[in-house]
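[1] Output the structure for:
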Amino acid sequence: MMMIDLFGSLLLKFVYANIGLVPYNDKFLITRFVVMPTRNPRHQTAIETIAENVRSIRTEKGLTMVQLAEKCEVDYTTISKIERGIANTTVSMVFILAEALEVSASRLLEVNSKL
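    Coordinates of the predicted model:
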């Protein structure tokens, strides 16, 4: 873990809430740090395709996000992030979603699967 000195209560509150710091003497230990990578436009189409397909198949099957999350054994916020296109879904998650939705993994990857 990295130790850092912080000055200024506003900065401290922001960093504490968004990075995850644990007080340690007059310093803080960083417990988690998330860096969001810059999106590659070529990958964004794939992310949006999966998002649209998961949402449309889920609603077609009459499932809520919570129900789908339970079937996938993940938190509902994970499903929400996938459907909004802000989560870069792993290959294993595509297969988990496909099994929970009772469709093939390739169906989740189809561009314009509604056609």
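[2] From the contact counts, what lies against the longest helix belonging to the chain?
    Counting by DSSP state H, the longest helix found in the chain is helix 41-60. Packing partners of helix 41-60 (3 or more Cβ pairs under 8 Å, 6 or more residues apart in numbering; DSSP states H and E): helix 76-83, helix 91-101, helix 105-109. For every residue, glycine as well, the C-beta is placed using N, CA and C.
[3] Tell me which of these approaches Asn53 most closely.
    Closest to Asn53 of those is helix 105-109 (Cβ to Cβ; 4.9 Å).
[4] and that closest one, what does it pack onto?
    Helix 105-109 is packed against helix 41-60, helix 91-101, with contacts defined by 3+ Cβ pairs under 8 Å, 6+ apart.
[5] quick revisit: show me what the mean pLDDT comes to for the longest helix of the chain.
    For helix 41-60, mean pLDDT rounds to 90.
[6] same deal with stretch 101-115?
    Across stretch 101-115, the average pLDDT comes to 84.
[7] which outside residues touch it?
    Stretch 101-115 is contacted from outside by 45-46, 49-50, 53-54, 56-58, 61, 63, 68, 94-95, 97-98, using Cβ atoms under 8 Å, 6 or more residues apart in numbering.
[8] Any quick ChimeraX command for the buried ones out of these?
    The ChimeraX selection below is limited to those of the contacts of stretch 101-115 classed as buried (16 or more other Cβ atoms under 10 Å):
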select :49,50,53,54,57,58,63,68,94,97,98
